[in-house]
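Engineer: pasting a predicted model and its sequence here:
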Protein chains: 2
Amino acid sequence: MKTFSTHVSGLDTSPIRKAFELAATLENPINLSIGQPHFACPPNIIAAMNKAATDGKTAYTLTGGIPELKEALVKKYETVNKIKYASPSRLLVTSGISSALLLLFSALINEGDECLIISPYFLMYPSMLKFHGAKTYTLNEKFTKEDTKKLKFQNLKLIIYSNPSNPTGYVMSKEQLDLLAELAEANDAYLISDEIYELFDYDKKFLSVGSFYEKAITLSGFSKTYSMTGLRLASILASEEVIKVLTTLQQYTIVCAPSVTQWAGIEALKTDMSSYINEYKANRDYVYDSLKDYYPVDKSGGAFYFFLKVKGNDEDFVKHAVLEKKLIVVPGFIFNESHSYIRISFANTREKLEMGMKALQELA
Amino acid sequence: MKTFSTHVSGLDTSPIRKAFELAATLENPINLSIGQPHFACPPNIIAAMNKAATDGKTAYTLTGGIPELKEALVKKYETVNKIKYASPSRLLVTSGISSALLLLFSALINEGDECLIISPYFLMYPSMLKFHGAKTYTLNEKFTKEDTKKLKFQNLKLIIYSNPSNPTGYVMSKEQLDLLAELAEANDAYLISDEIYELFDYDKKFLSVGSFYEKAITLSGFSKTYSMTGLRLASILASEEVIKVLTTLQQYTIVCAPSVTQWAGIEALKTDMSSYINEYKANRDYVYDSLKDYYPVDKSGGAFYFFLKVKGNDEDFVKHAVLEKKLIVVPGFIFNESHSYIRISFANTREKLEMGMKALQELA
């Protein structure tokens, strides 16, 4: 048979999924590799989705999303993110953040474009940017003004990061966001802020760059906040010009986000998730207190991860953890350029976390 | 701001959607432009989806689809399509045929690859192939052995068609499918058969090329058959090698088809749609009988369209139809290289069809 396209050759099945498959083979593993909440999607959201289905909302929606959801999203951007310029014509509803990235990278990247990724990073950013022919550069999330001053680009097309961060839980400061907005402005580059973990913000430090930088492209998801990762729903807030191009591209690819899921999204935006977030904050504190005397660890500020520096090689650590403790964690090399870290998720029951912390203490 | 990528510049908002928007501005239009069934998704399918949601099936599924749906699809391919080699490892469940095309073209096409499209064609084929850098060629659906013998390619990567056809309703003969399989084999090219309208086969002439050509890539959808276009569900049957690459690519883009929709799909495959199909067959006969003395028209054999030759320019006809009769149809130029046709859909109530036929008779 004919060969595949040259760009797919760089893609590999993610080690997170490998961990997932490994977990399936073990009896009663301690699985701290999971990238989604352990609580159920709230029943009022399920009820809203079921009502939409029963009411016959199973046909194509408008490409950009149903107007009712767009209106609810405008309110969310105004109140949660303090983004005053949010409007339906600046919004695209799409089928999860991954689809948002697909549309953005397809619409923006030409072969050889330079892209800056804040590191450690969500593993899809470099993979999909390279897939689209970009040259990628990284900047550590602890960057200062000195660091951004040193950066020199010929043709910087975009800057991308997740805030709060997957995999570190780091929440960027206002000063850092200012520096990134300045860098984007100086290079006439797009600034893409992936805020899928926005509500998992334990110390009230999270700030949307879009609240003060109108050219920002803000990505918001429903998957993590409302535990609906399988329902495929997210939104993009950008300039009308960008949204117009993304909407056309969506028409030829994704077509529309699932209809019933969009109705679920309206109900989700009315749902108070603070009790869930508080539970995760307690998990965050518990994990930090359990590990701080065993590992050199920064306290996670958001999302539901710790990025833990381990002795020796990350992949060796991961193998030992499985074999000796039935503990499943993700090797850090897929999120940064070093082999010195592992990612652990605290989206789990307290019982499992206790077992996990004991295992990690013994592995230290 | 920086420019967009060069390949998005070729995409235009589809005239079908323009017709849709136009319809929204008219009071009581006769809308024969619609590309989806007018009946509701059967209630047992809705109930199965709602049960899945209530049971908490809202998390990511396996990338390739839930095993239960894959098993049901294997049976469907065996019984409906007479494809004996169907197996879970040769299947990918994805988020609608458009996503299937996105994955296939991304995985297969390199800049400059030659692609052959049977014409008239589903408008996404040439648009998305060109988007991926392909050189496209067409072959009229009425082709014979003489026609395929004349074709010469340097580097034919794939052949694609929809069967039954959108926009003509044409159903290919065994002889034609043989010729395409031979052409694919001789050029070591992929043969992609989009069978989303497979059940809309009014004269029992439809045949899956995959039933006798194992290298075929067969695309099946749920959208049209079960009136669930907004639920985003389809499947790809191909070699294990191709499915492996597509699954990896799906992991980085679509992630998975919507979870609850996949559960709906299992119930859909158990649902007898013959009464719905019979109604559309009666519609097909009614439209043909109403138009045959007014237009030179081939009797549609499948899908729910007629591709009607009109006097003068298609876009002019479409404008007159709207202004004089409040009749909305789709100009044919988006489906083929000429400006001599319009597409009309008979996925509608008999009352609307009667109004539409009267209008078309008067416009002839």
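Structural biologist: Great, that's in hand. Numbers count the residues shown, from 1 in each chain, chains lettered A, B, ... in the order given.
Engineer: buried stuff in the longest helix anywhere in chain A?
Structural biologist: As assigned by DSSP state H, the longest helix anywhere in chain A is helix A:274-291. Buried residues in helix A:274-291, defined by neighbour count with 16 or more other Cβ atoms under 10 Å in any protein chain shown: A:276-277, A:279-281, A:283-284, A:287-288, A:290-291. Yep, even glycine has a C-beta here, placed from its N, CA and C like the rest.
Engineer: list the contacts of it.
Structural biologist: A:37, A:39, A:169, A:199-202, A:297, A:299-300, A:304, A:306, A:308, A:344, A:346-348, A:350, A:353, A:357, A:360-361 (Cβ atoms under 8 Å, 6 or more residues apart in numbering or on different chains).
Engineer: can you list contacts of the helix or strand just after it?
Structural biologist: Per DSSP states H and E, the first helix or strand lying C-terminal to helix A:274-291 is strand A:305-309. Strand A:305-309 has contacts (Cβ under 8 Å, 6+ apart) with A:120, A:165-169, A:287-288, A:291, A:295-298, A:300, A:332, A:335, A:340-346, A:360.
Engineer: in strand A:305-309, what counts as buried?
Structural biologist: Those would be A:305-308, for strand A:305-309 by 16+ other Cβ under 10 Å.
Engineer: from those residues, which two are the most distant?
Structural biologist: Across those, the longest distance by Cβ to Cβ is 9.4 Å; it joins A:305 and A:308.
Engineer: so where do the strands sit in chain A?
Structural biologist: A:30-31, A:91-94, A:114-119, A:135-140, A:156-162, A:190-194, A:217-221, A:234-237, A:305-309, A:327-328, A:330-331, A:341-345 (DSSP state E).
Engineer: let me see the ranges of the helices in chain A.
Structural biologist: Under DSSP H, chain A gives helices at A:15-25, A:43-54, A:67-79, A:97-108, A:124-131, A:145-150, A:174-187, A:240-251, A:259-268, A:274-291, A:314-325, A:350-363.
Engineer: against which helices or strands is the third one packed?
Structural biologist: Meaning helix A:67-79. Where contact means 3 or more Cβ pairs under 8 Å, 6 or more residues apart in numbering or on different chains; DSSP states H and E, helix A:67-79 is packed against strand A:91-94, strand A:217-221, strand A:234-237, helix A:259-268.
Engineer: what is the neighbour count of residue A:68?
Structural biologist: 12 (other Cβ atoms under 10 Å in any protein chain shown).
Engineer: re earlier: what angle do the longest helix of chain A and strand A:305-309 make?
Structural biologist: 10 degrees (axes from the mean of the first three to the mean of the last three Cα atoms, to 10 degrees).
Engineer: re earlier: just the buried ones from the contacts of helix A:274-291?
Structural biologist: For these, buried by 16+ other Cβ under 10 Å: A:37, A:169, A:199-202, A:297, A:299-300, A:304, A:306, A:308, A:344, A:346-348, A:353, A:357, A:360.
Engineer: got the residues of the stretch 101-250 of chain A near chain B?
Structural biologist: A:102, A:106-110, A:124, A:127-128, A:131-132, A:157, A:188-190, A:215, A:227-232, A:239, A:241-242, A:245, A:248-249 (Cβ under 8 Å from any Cβ of the partner chain).
Engineer: ok, 6 Å please
Structural biologist: Within reach of chain B by Cβ under 6 Å from any Cβ of the partner chain, the stretch 101-250 of chain A has these residues: A:102, A:107-110, A:124, A:127-128, A:157, A:188, A:228-232, A:245, A:248-249.
Engineer: quick one, which of the residues you listed are buried?
Structural biologist: Applying 16+ other Cβ under 10 Å to these flags A:102, A:107-110, A:124, A:127-128, A:157, A:228-232, A:245, A:248-249 as buried.
Engineer: closest to the centroid, which residue in chain A?
Structural biologist: Of all residues in chain A, the one closest to the mean position by Cα atoms, centre = their mean is residue A:196, 4.9 Å from it.
Engineer: so which residue of the stretch 251-364 of chain A comes closest to chain B?
Structural biologist: For the stretch 251-364 of chain A, the residue positioned closest to chain B under Cβ to the nearest Cβ is residue A:259, at a distance of 3.1 Å.
Engineer: how near is residue A:175 to residue A:80?
Structural biologist: Separation of residue A:175 from residue A:80 (Cβ to Cβ, to the nearest Å) stands at 22 Å.
Engineer: ok, those two, which is more surrounded?
Structural biologist: Neighbour totals were compared for residue A:175 and residue A:80, and residue A:80 leads with 15 against 9 (other Cβ under 10 Å).
Engineer: count the neighbours of the closest residue to the more buried one other than its chain neighbours for me.
Structural biologist: If the residues on either side of it in the chain are set aside, residue A:80 comes closest to residue A:198, at 7.0 Å by Cβ to Cβ, 6 or more residues apart in numbering or on different chains. Using other Cβ under 10 Å, residue A:198 has 25 other residues around it.
Engineer: same thing with residue A:171?
Structural biologist: 24.
Engineer: ok, it - contacts?
Structural biologist: Neighbouring residues of residue A:171 by Cβ atoms under 6 Å, 6 or more residues apart in numbering or on different chains: A:164, A:205-206, A:301-302.
Engineer: now swap in residue A:354 and tell me
Structural biologist: Counting by Cβ under 6 Å, 6+ apart, residue A:354 has no contacts.
Engineer: for the helices and strands packed on helix A:67-79, give me CSV that also has mean neighbour count.
Structural biologist: Shown next, in CSV, are these (neighbours: other Cβ atoms under 10 Å in any protein chain shown):
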stretch, mean neighbour count
strand A:91-94, 28
strand A:217-221, 24
strand A:234-237, 26
helix A:259-268, 26
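Engineer: which among the ones you listed is found nearest to residue B:136?
Structural biologist: strand A:91-94 (27.2 Å).
Engineer: CA atoms only: put the closest one into CSV for me.
Structural biologist: Taking Å, rounded to 0.1, in the frame of the first residue of the first chain, the C-alpha atoms of strand A:91-94 are listed here in CSV:
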residue,chain,number,x,y,z
LEU,A,91,-17.2,32.8,20.1
LEU,A,92,-17.0,29.4,18.6
VAL,A,93,-18.5,26.3,20.3
THR,A,94,-16.5,23.2,19.4
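Engineer: per-domain residue ranges of chain A.
Structural biologist: Annotated domains of chain A cover A:6-41+A:273-363, A:57-268 [automatic domain parsing].
Engineer: most neighbours per residue, which of those?
Structural biologist: Stretch with highest mean neighbour count among the domains of chain A: domain A:57-268 (a mean of 21; mean count of other Cβ atoms under 10 Å in any protein chain shown).
Engineer: could you list the low-confidence segments of chain A?
Structural biologist: A:1-2, A:13-17, A:19-20 (pLDDT under 70).
Engineer: make it 90
Structural biologist: A:1-27, A:34 (pLDDT under 90).
Engineer: which positions in the stretch 251-364 of chain A make contact with chain B?
Structural biologist: Counting by Cβ under 6 Å from any Cβ, the stretch 251-364 of chain A sits next to chain B at A:252-253, A:255, A:258-259.
Engineer: quick one: contacts for residue A:219?
Structural biologist: Residue A:219 neighbours (Cβ under 6 Å, 6+ apart): A:97, A:100, A:194, A:236.
Engineer: tell me the two of the residues you listed that are most distant?
Structural biologist: A:194 and A:236 (10.3 Å).
Engineer: ok so, going back, ok, the nearest residue to the residue of the stretch 251-364 of chain A closest to chain B once chain neighbours are set aside to residue B:264 distance?
Structural biologist: With Cβ to Cβ, 6+ apart as the criterion, residue A:259 has its nearest non-adjacent residue at 3.1 Å, and that residue is residue B:230. To residue B:264, residue B:230 is 11 Å away according to Cβ to Cβ.
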